[in-house]
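K.L.:
Build me a model:
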Amino acid sequence: MGKAVTRVRPEPNLTLKEPPMYRVIYINDDVTTMEFVVESLITVFNYTVDSAADITQKIHVDGSAIVATLPYEMAEQKGVEVTQMARANGYPLVIKLEPDA
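P.N.:
The predicted structure is shown next:
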C-alpha cells in the first residue's frame, strides 16, 4: 500500500464583485414611430403594453428615457437587438448605454 498524500487546497476567494450596471437609454427622434418603440419595449425588455406606452410617452416628451438598468453585457446585447430591429424597419432609433452611477 502506498503512502497517504495530504493535499492542501487553497482557500477560494469569495469576494465576488457585482458586475457594473449600465443604463439603456432610448433617444427620441422625429422618424421612429411610437408604435415601434412600444413594440420594442414589449419584445426586448418584457414590458407590459401599459408600461411600454408610459415609457414611450416619457421618451417623446423628455427627449430620452432610461428603459432598463442591466449588467453591461446584457445592456449591450439588448441595445444591439433594438438597434437591429429599428434598422430592419427603417428607423434611426438611437440607443445609448451609460454607467449607472
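
K.L.:
When you work out contacts or count neighbours from here on, use the C-alpha atoms and nothing else.
P.N.:
Fine.

K.L.:
Can you give me the buried ones in the longest helix seen in the chain?
P.N.:
In the chain, taking DSSP state H as the definition, the longest helix is helix 72-88. Applying a neighbour-count criterion of 16 or more other CA atoms under 10 Å, one finds Tyr72, Ala75, Glu76, Lys78, Gly79, Val82, Thr83, Met85, Ala86 buried in helix 72-88.

K.L.:
Backbone torsions only: list them for Val37.
P.N.:
Dihedral angles of Val37 (phi, psi; degrees, to the nearest 10) stand at phi -60, psi -50.

K.L.:
if I pick it, what's in contact with it?
P.N.:
Neighbouring residues of Val37 by CA atoms under 8 Å, 6 or more residues apart in numbering: Ala52, Thr56.

K.L.:
Tell me how far it lies from Pro10.
P.N.:
Going from Val37 to Pro10 by CA to CA, to the nearest Å gives 51 Å.

K.L.:
got it, and Thr48?
P.N.:
48 Å.

K.L.:
With neighbour numbers in mind, choose between the two.
P.N.:
The neighbour count for Thr48 versus Pro10, taken as other CA atoms under 10 Å, is higher for Thr48 (14 against 6).

K.L.:
How much space separates that one from Ile55?
P.N.:
11 Å.

K.L.:
before we move on, the earlier item: ok, then the element right after the longest helix of the chain?
P.N.:
strand 94-99 (DSSP states H and E).

K.L.:
about what we covered before: mind putting the buried residues of helix 72-88 into CSV with pLDDT and distance to Lys17?
P.N.:
Formatted as CSV, the buried residues of helix 72-88 follow (pLDDT from 0 to 100; distance: CA to CA, whole Å):
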residue, pLDDT, distance to Lys17
Tyr72, 96, 14
Ala75, 98, 18
Glu76, 97, 19
Lys78, 98, 22
Gly79, 98, 24
Val82, 98, 28
Thr83, 98, 30
Met85, 98, 33
Ala86, 98, 34
